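K.L.:
could you look at this predicted model? Sequence included:
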Amino acid sequence: MTDALDLRQSSTGDPADRLYAIVEQGLCIGCGLCQAVAGPQRVAVTKSSSGYLHPTVVGPLDHATVDVIYDVCPGTRVDGLPEHLVDDDTKIDNVWGPWRRIVRAWAAEPAVRFEGSTGGVLTALGQYLLSSERVDAVLHVRASTEEPTFGEAVLSFTEADVLAGAGSRYGPTAPLLTINEALDRGKTLAFIAKPCDIAALRNLARHDRRVNELVRYWLTPVCGGFGAPSFTANFVKGLDVDPEELTDFRYRGRGCPGPTVATTAEASHERHYLDYWGDDSTSWVLPWRCRICPDGIGDSADLAVSDTWPGGSPTRQESVDDPGTNAVVARTVAGQQLLEAAEADGAVVIEYDVTPDDMSIYQPHQMHKKYAVDARFKALGDAGRIVPETNRLRLAELAAELPVSVNRYQREGTARRLAEGKGTEPRPTPRSS
Ligand SMILES: Cc1cc2nc3c(=O)[nH]c(=O)nc-3n(C[C@H](O)[C@H](O)[C@H](O)COP(=O)(O)OP(=O)(O)OC[C@H]3O[C@@H](n4cnc5c(N)ncnc54)[C@H](O)[C@@H]3O)c2cc1C
Ligand code: SF4
Ligand code: SF4
């Protein structure tokens with residue numbers, strides 16, 4: 001394997017090999033940003049033979065462009081909240097990051113709360129940002145029109161369009177594929193997307209000054225990862241449905257969590273959310289990048305929004321008729337002001353304030369992963385792999401809180417999985433080739 005440092009900073013060898021190394025080492029999450037940076041005539045992020053959205057090199061690529069990709073790709077760099085957004089009143093929790101206020105809340109409009117993945121807060125805030133004229137458009141995602149289990153980027157100008165994107169997409173989704181088109185309009189934006197997508201756009205802000213001029217609000221779901229395409233395909237086949245026949249696939253929403261619904265031209269097949277994920281969270285099949293994610297909690301967003309089931313997952317009994325309640329972590333002045341204005345103007349209902357300790361009760365898997373990341377990254381380094389560059393994520397501080405034996409267990413476990421090939425992907429080829 002090529003030395004990881006050489007891959008990050010290189011002027012020799014084939015630039016395409018450097019880009020492919022991000023994919024081959026399991027670090028690509030398919031955000032689409034490398035296509036936006038290199039241009040679609042040189043890099044195309046499409047469904048690859050592995051079933052994921054991955055980049056393929058389709059035109060001449062130079063080292064300078066790949067240098068930029070390494071600096072913006074969320075597989076190779078993830079930073080916490082920009083320092084200028086942390087002020088004297090911001091508290092920092094080692095697990096939960098910068099915060100000013102944390103509340104339980106839901107969308108005030110019952111139809112939005114119902115459609116939403118949890119309590120509809122992200123959708124309600126996206127709509128409120130438009131109706132209050134704080135932004136001209138919301139860049140977020142909706143169900144893909146071509147691949148029913150995927151998500152796709154959409155620029156919404158109306159509240160109805162924001163609502164059409166409600167619900168979590170647990171499939172490959174590239175919210176940044178069209179970021180240049182969005183920025184080229186010169187309109188103010190809110191960006192709603194996963195923490196890795198937020199990290200990618202924060203990275204791009206260092207290279208494209210339009211990002212900080214135009215992107216006024218950064219909102220994210222807390223994210224434990226999505227289902228690997230093979231995992232979702234197996235679920236669909238288990239319904240006696242050919243994945244190629246799907247016309248629509250809804251993971252959750254319409255209640256909390258709401259049903260998972262696979263639709264073909266002939267019929268709709270409805271199952272419980274836990275039938276998709278399984279009752280045992282250890283059986284979840286996630287992309288490798290999600291297993292070693294240094295930031296599933298949206299450290300660099302204005303607002304991070306989560307579920308509130310104690311233990312991180314609903315029981316079948318609890319989820320009957322649950323109208324949905326989000327936890328909302330307001331990290332920045334802009335995020336807190338938005339949340340409080342939305343409450344004052346009747347867009348969201350705040351139930352009561354909670355604390356980072358409550359977040360760890362709602363999200364034990366996030367807490368455990370945040371503690372484990374430093375050791376997992378050390379195992380990547382031991383194996384001579386690319387170690388994602390991180391800043392302001394408190395990973396070393398968290399590892400220092402753990403007994404040596406736990407860090408060793410995490411490091412050895414990751415090394416074992418790497419040796420088993422878990423963190424290795426084939427070189428992507430477009431699915432049609
Ligand atoms: C992949 C994934 C993993 C998650 N893991 C966790 C978890 O571990 N713990 C937890 O508490 N919550 C998790 N969530 C978040 C949870 O499902 C809800 O999205 C969150 O509580 C917000 O709920 P809401 O009702 O406000 O969202 P909604 O009002 O339904 O709004 C959801 C917004 O997220 C956007 N979105 C949906 N899917 C994607 C995607 N794949 N990529 C980018 N943007 C997307 C939509 O465009 C929409 O704007 C996850 C969500 C996703 C997408
Ligand atoms: S994570 Fe995004 S920027 Fe990085 S290689 Fe994948 S698609 Fe490209
Ligand atoms: S777990 Fe991390 S890498 Fe995976 S989708 Fe969520 S934020 Fe992105």
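P.N.:
Done, it's in. Ligands and ions are numbered 1, 2, ... in the order given.

K.L.:
so where's the chain uncertain?
P.N.:
Counting by pLDDT under 70, the chain shows low-confidence ranges at 1-6, 279-284, 430-433.

K.L.:
mind giving me the packing neighbours of the helix ranked longest in the chain?
P.N.:
Across the chain, the longest stretch assigned as helix under DSSP state H is helix 364-382. Helix 364-382 is packed against helix 356-362, helix 395-401, helix 404-419, with contacts defined by 3 or more C-beta pairs under 8 Å, 6 or more residues apart in numbering; DSSP states H and E. C-betas here are computed from N, CA, C, even on glycine.

K.L.:
is any residue of that helix near ligand 3?
P.N.:
No: judged by C-beta under 6 Å from any ligand atom, helix 364-382 and ligand 3 are separated, with a smallest distance of 8.2 Å.

K.L.:
what residues does the helix or strand just after that helix touch?
P.N.:
In the C-terminal direction, the helix or strand that comes right after helix 364-382 (DSSP states H and E) is strand 389-391. Under the contact criterion C-beta atoms under 8 Å, 6 or more residues apart in numbering, strand 389-391 has outside partners 8, 76-80, 294-295, 377.

K.L.:
which one (most neighbours) among those residues?
P.N.:
Scoring those on neighbours with other C-beta atoms under 10 Å, the highest-scoring entry is Asp295 at 30 neighbours.

K.L.:
quick check: it touching Ala199?
P.N.:
Yes: Asp295 is within contact range of Ala199, at 6.2 Å (criterion: C-beta atoms under 8 Å).

K.L.:
overlap in contacts, the two.
P.N.:
Common neighbours of Asp295 and Ala199 (C-beta under 8 Å, 6+ apart) are Val78.

K.L.:
ok, the closest residue to Val236 other than its chain neighbours - contacts?
P.N.:
Once flanking residues are discounted, Val236 sits nearest to Pro243: 4.7 Å by C-beta to C-beta, 6 or more residues apart in numbering. Applying C-beta under 8 Å, 6+ apart to Pro243 gives the contacts 149, 232-233, 236-237.

K.L.:
keep only those of these that are in helices.
P.N.:
Secondary structure from DSSP H places 232-233, 236-237 of the contacts of Pro243 in helices.

K.L.:
of those, keep whichever come out buried.
P.N.:
232-233, 236 (16 or more other C-beta atoms under 10 Å).

K.L.:
so which of those residues comes closest to Ala304?
P.N.:
Among these, Thr232 lies closest to Ala304 (C-beta to C-beta), at 24.9 Å.

K.L.:
for ligand 2, what are the nearby residues on the chain?
P.N.:
Applying C-beta under 6 Å from any ligand atom, one finds that the chain approaches ligand 2 through 22, 28-34, 45, 55, 73-75.

K.L.:
mind redoing it with 5 Å?
P.N.:
By C-beta under 5 Å from any ligand atom, the residues of the chain that approach ligand 2 are 22, 28-29, 31, 33-34, 45, 55, 73, 75.

K.L.:
would CSV of the residues you listed with neighbour count, secondary structure and distance to ligand 1 be doable?
P.N.:
Listed next are the residues of the chain next to ligand 2 as CSV, based on neighbours: other C-beta atoms under 10 Å; DSSP: H, G, I helix; E, B strand; the rest coil; distance: C-beta to the nearest ligand atom, whole Å:
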residue, neighbour count, secondary structure, distance to ligand 1
Ile22, 26, helix, 19
Cys28, 28, coil, 15
Ile29, 29, coil, 10
Cys31, 31, coil, 9
Leu33, 28, helix, 13
Cys34, 31, helix, 17
Val45, 25, strand, 14
Pro55, 29, strand, 17
Cys73, 28, coil, 16
Gly75, 26, coil, 15
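
K.L.:
of those, which are in range of ligand 3?
P.N.:
Checking the residues of the chain next to ligand 2 against ligand 3 (C-beta under 5 Å from any ligand atom), the matches are Ile29.

K.L.:
quick one: which of the residues of the chain next to ligand 2 is nearest to Val141?
P.N.:
Distance ranking of the residues of the chain next to ligand 2 against Val141, using C-beta to C-beta, places Cys31 first at 10.9 Å.

K.L.:
contact partners for Gly30?
P.N.:
45, 52-54, 172-174.

K.L.:
which of those sits closest to Glu159?
P.N.:
Looking across those and measuring by C-beta to C-beta, the closest to Glu159 is Thr173, at 21.7 Å.

K.L.:
secondary structure class for the closest one?
P.N.:
coil (DSSP: H, G, I helix; E, B strand; the rest coil).

K.L.:
who's the closest spatial neighbour of Trp309, skipping the chain neighbours?
P.N.:
Closest residue to Trp309 in three dimensions, ignoring its sequence neighbours and counting by C-beta to C-beta, 6+ apart: Tyr362, at 6.6 Å.

K.L.:
residues near that neighbour, how many?
P.N.:
Neighbours around Tyr362, by other C-beta under 10 Å: 21.

K.L.:
ok, it to Ala190 distance?
P.N.:
Using C-beta to C-beta, to the nearest Å, Tyr362 is found at 24 Å from Ala190.

K.L.:
run through the strands of the stretch 201-350 of the chain in chain order.
P.N.:
Along the stretch 201-350 of the chain, the stretches classed as strands by DSSP state E, counting those that start in this stretch are 215-221, 246-250, 260-264, 268-271, 303-306, 326-330, 348-353.

K.L.:
contacting residues around the third one?
P.N.:
It refers to strand 260-264. For strand 260-264, the surrounding residues in contact (C-beta under 8 Å, 6+ apart) are 148, 235-236, 239, 241, 245-252, 268-273, 275-276.

K.L.:
and the residues you listed near ligand 3, which?
P.N.:
When contact is defined as C-beta under 5 Å from any ligand atom, the contacts of strand 260-264 do not meet ligand 3 at all.

K.L.:
can you redo the strands of the stretch 201-350 of the chain as TSV, where the extra columns are distance to Val112?
P.N.:
Below are these laid out as TSV (distance: least, C-beta to C-beta, whole Å):
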stretch	distance to Val112
strand 215-221	15
strand 246-250	16
strand 260-264	19
strand 268-271	22
strand 303-306	13
strand 326-330	12
strand 348-353	9
